[in-house]
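K.L.:
Structure here, sequence nowhere to be found:
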């Protein structure tokens, strides 16, 4: 710090101004000027001005010599003040006043540029907010689109001015750019970002703080790398900052624990082998930090239990009974069945269809008034308008444009909110547009919101549920698939637990909000529910399956309790259907059996059929035999169905499969029976008129046609369910 000497030869330190904290520097300098009697030179007042200001008469008899001496003293003081200002400025600030000839001029220049007025300060603040919003949108948008090169390029261009961007959150869950780079599942994005930090030659403490930055769940970038299996990213982070290995998240889980819980064998092996001092003690045992987690709920899940529940790899243990005992300790009274635990390239999804709806020939096409197409055309036009209107509203909705706050800002906001009264009880029931669209199954609106405001996908409701939870509760499969395609947010949302302790799988049990029923009949609806349960179970972490909610129930137990009534209805329906179909099958079998011994036209003296040489006779014989075999097979299947156990899991594959087999053979038996009947008519009525033959054939197959039309939806539903099951089984066989 520079120094100067006063008239009393007192050494005075000079505060250095480098462009920041101008108000603080100004106060220190004013104190210095006051101590050196130089304030008048800064304010711009002379000796006579001070006299008048004190209420005295301005003298008129000052001699020319005294006035000259006064001017000389003023000039010397001004030079001293200017010298002090120049010496207190950093090298990069000095050129701003290099042309100033007086202290007042230099002081005014600095004051005007760095202090400014309230309006300029407001504009600067707003500009900073817009810059930060642009940074957040650019980073998260590029990451969601998988354009990692664009994301890294953005940091190369802006990090020189804003190094704080590396530690600033870019998502509503406080993920930094390092967290997002992990999701690329590649080494390059993270490596490039670390190289940018290295070129800045940051202090070691600053770089370490950036690498240790946590998101809302307490996860560092290393936690995320172990969860998503980015092996090369793990190596980069551990080599750069080995201390990351010992940092727990909000659930008391270290990166080694999460690697074990998510069955990342290769990462577990690397961490233990290359960083033994951070993972194990002198006896080769895991350190207590890694061996189990400690959370407020008190489950104390051990790393071994997490690895076993994953069922994808095993950690080395001495004896099998040790594994069993630890699992039983975590799962008291054996209430959980661990053996059954399982663990768009286009930027505008709707752009192509919208262009076709609005452009080309359709744009100028006019439908005549009164035409039957007018109603359809008007509905189509309203749909396009509604979509465009919704798009404009989504763009202008400020609720989506949120710049994520830092921890300090979050704390300040929380303290402020405690003193802010609630304006209305309605504020607690405010509808979130994205959640409303999800509940109603409007996938186009959901896609628009996510595309225009990527951060909206991370929103939570008052129960801490995400849109994935809502999609599961309301059985919105299309929206479930949309969210599933967004790899980064989906990876987080599948692990969300609401304030009631319910996981994503627990929400499948919610029957009240089930609005996505598409199958006819209670049995097929129950099968659809079981398939939905299995599908959701496949996407959540394996060790989430046996977790208990605050009511002390697993997701499976909640599902069984919620579907008791539907199970009873399905049991009654399938019994009544089987009995009715058995009666029809028996009736068909009786008819065709009798027809087999009563050939059309009778027989001659030798017992040989009279019309044996007719081509229709062969059709009659074959169709009659096939009909008899089909009806008897159908009867056997339905009788087997009536004696089957009507347990919940039987409605997933076993019972629907038997039902589809029975229906198929019954339908085929009716079809061949009518074919046999038609052949008999054509044999008995020998005519050359083709029209008569055609009418007789149509009349013969009319019952089959009516039966097919009435049962078409049910039959297609059975076939669709069976096809999906066979497709899934084929994939499993192919993988193995």
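P.N.:
Happy to help now that I have it. On a predicted model such as this, the values are computed, not experimentally measured, just so you know.

K.L.:
Would you confirm that residue 15 belongs to a strand?
P.N.:
No. Residue 15 sits outside any strand when classified using DSSP: H, G, I helix; E, B strand; the rest coil, being coil.

K.L.:
can you tell me the helix or strand for the residue lying closest to it once chain neighbours are set aside?
P.N.:
Leaving out its chain neighbours, the residue that sits closest to residue 15 by C-beta to C-beta, 6 or more residues apart in numbering is residue 28, at 4.3 Å. No exception for glycine: its C-beta is placed from N, CA and C like everyone else's. Using DSSP states H and E, residue 28 maps to helix 22-35.

K.L.:
Counting by contacts, list what that helix packs against.
P.N.:
For helix 22-35, the elements it packs on are helix 39-43, helix 64-87, judged by 3 or more C-beta pairs under 8 Å, 6 or more residues apart in numbering; DSSP states H and E.

K.L.:
go with 7 Å
P.N.:
Applying 3 or more C-beta pairs under 7 Å, 6 or more residues apart in numbering; DSSP states H and E, we find helix 22-35 packed against no helix or strand.

K.L.:
contacting residues around it?
P.N.:
For helix 22-35, contacts defined as C-beta atoms under 7 Å, 6 or more residues apart in numbering pick out 6, 12, 15, 17, 39, 42, 81, 84, 88, 114-115.

K.L.:
now do 8 Å
P.N.:
Contact partners of helix 22-35, identified using C-beta atoms under 8 Å, 6 or more residues apart in numbering, comprise 6, 12, 14-15, 17, 39, 41-42, 81, 84-85, 88, 110-111, 114-115.

K.L.:
Next: stretch 633-640.
P.N.:
Residues from elsewhere that reach stretch 633-640, judged by C-beta under 8 Å, 6+ apart: 578-579, 581-582, 585-586, 589, 658, 661-663, 665-666, 669.

K.L.:
hmm, which of these are the buried ones?
P.N.:
578, 581-582, 585-586, 589, 658, 661-663, 665-666, 669 (16 or more other C-beta atoms under 10 Å).

K.L.:
In terms of model confidence, name the weakest of these.
P.N.:
Here the lowest pLDDT out of these sits on residue 663, with 85.

K.L.:
May I have the distance across stretch 227-244, first residue to last?
P.N.:
14 Å (C-alpha to C-alpha, to the nearest Å).

K.L.:
what comes up buried for it?
P.N.:
By 16+ other C-beta under 10 Å, the buried positions in stretch 227-244 come out as 227-230, 233-238, 240-241, 244.

K.L.:
Now go through the residues you listed and say which are in helices.
P.N.:
Mapping the buried residues of stretch 227-244 onto helices (DSSP state H) picks out 227, 233-238, 240.

K.L.:
And the buried residues of stretch 227-244, which is closest to residue 621?
P.N.:
Using C-beta to C-beta, residue 229 comes nearest to residue 621 of the buried residues of stretch 227-244, at 64.8 Å.

K.L.:
dump the residue contacts of that closest one.
P.N.:
For residue 229, the contact set (C-beta under 8 Å, 6+ apart) comprises 185, 262, 264, 266-267.

K.L.:
The closest residue to residue 148 other than its chain neighbours and residue 570, how far apart?
P.N.:
Closest residue in space to residue 148, ignoring its immediate chain neighbours: residue 189 at 4.1 Å, by C-beta to C-beta, 6+ apart. In this view, residue 189 and residue 570 are 50 Å apart by C-beta to C-beta, to the nearest Å.

K.L.:
can you map out the helices along the stretch 401-550 of the chain?
P.N.:
Along the stretch 401-550 of the chain, counting by DSSP state H, counting those that start in this stretch, helices occupy 407-418, 433-440, 443-452, 467-473, 477-485, 487-493, 522-539.

K.L.:
Where among these is average confidence lowest?
P.N.:
Within the helices of the stretch 401-550 of the chain, confidence is poorest for helix 407-418, with a mean of 42 (mean pLDDT).

K.L.:
Break down the stretch 551-700 of the chain into its strands, ranges please.
P.N.:
In the stretch 551-700 of the chain, no segments count as strands under DSSP state E, counting those that start in this stretch.

K.L.:
okay, and for it, where does confidence drop off?
P.N.:
For the stretch 551-700 of the chain, the stretches flagged by pLDDT under 70 are 600-604, 607, 611, 686-694, 696-700.

K.L.:
Recalculate using a threshold of 90.
P.N.:
For the stretch 551-700 of the chain, applying pLDDT under 90 flags the ranges 574, 577, 580-581, 584, 587-588, 590-625, 627, 642-661, 663-664, 666-700.

K.L.:
show me where the stretch 201-350 of the chain has strands.
P.N.:
Per DSSP E, counting those that start in this stretch, the stretch 201-350 of the chain carries no strands over any range.

K.L.:
hmm, back to that, out of the contacts of stretch 633-640, which two sit at the greatest distance?
P.N.:
Comparing every pair within the contacts of stretch 633-640 by C-beta to C-beta identifies 589 and 658 as the most remote, at 18.6 Å.

K.L.:
in the top helix by length along the chain, what's buried?
P.N.:
Using DSSP H, we find that the single longest helix of the chain is helix 564-596. If you call a residue buried by 16+ other C-beta under 10 Å, then helix 564-596 has these buried ones: 566-567, 569-571, 573-574, 577-578, 581-582, 584-586, 588-589, 591-592, 595.

K.L.:
again with stretch 535-547
P.N.:
Buried, per 16+ other C-beta under 10 Å, within stretch 535-547: 536-537, 539-547.

K.L.:
TSV for those, including distance to residue 217?
P.N.:
Putting these into TSV (distance: C-beta to C-beta, whole Å) gives the following:
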residue	distance to residue 217
536	21
537	22
539	18
540	16
541	13
542	19
543	16
544	14
545	20
546	21
547	16
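
K.L.:
What is the nearest of these to residue 198?
P.N.:
Nearest to residue 198 among the buried residues of stretch 535-547: residue 541, at 34.5 Å, using C-beta to C-beta.

K.L.:
Would you check how far apart that closest one and residue 258 are?
P.N.:
Distance, residue 541 to residue 258, by C-beta to C-beta: 10 Å.

K.L.:
now the angle from the longest helix of the chain to helix 522-539?
P.N.:
In terms of direction (axes from the mean of the first three to the mean of the last three C-alpha atoms, to 10 degrees), helix 564-596 departs from helix 522-539 by 120 degrees.

K.L.:
and helix 564-596, what other elements does it pack with?
P.N.:
helix 522-539, helix 615-642, helix 654-684.

K.L.:
Which one, of these, ends up nearest to residue 446?
P.N.:
helix 522-539 (18.0 Å).

K.L.:
and the angle for the helix or strand hosting the residue nearest to residue 148 with helix 231-240?
P.N.:
Here residue 189, judged by DSSP H and E, is contained in helix 188-199. Angle, helix 188-199 to helix 231-240, by the same axes, to 10 degrees: 20 degrees.

K.L.:
list the contacts for residue 584?
P.N.:
666, 670.

K.L.:
who are the neighbours in contact with the spatially closest residue to residue 464 that is not a sequence neighbour?
P.N.:
Distance criterion C-beta to C-beta, 6+ apart; nearest residue to residue 464, sequence neighbours excluded, is residue 498 at 4.7 Å. Contacts for residue 498 were tallied using C-beta under 8 Å, 6+ apart; they are 463-465, 469.

K.L.:
Would you reformat those as CSV and include distance to residue 478 and neighbour count?
P.N.:
Formatted as CSV, the contacts of residue 498 follow (distance: C-beta to C-beta, whole Å; neighbours: other C-beta atoms under 10 Å):
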residue, distance to residue 478, neighbour count
463, 23, 11
464, 24, 13
465, 19, 23
469, 16, 26
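
K.L.:
for these, which one is nearest residue 679?
P.N.:
residue 469 (59.8 Å).
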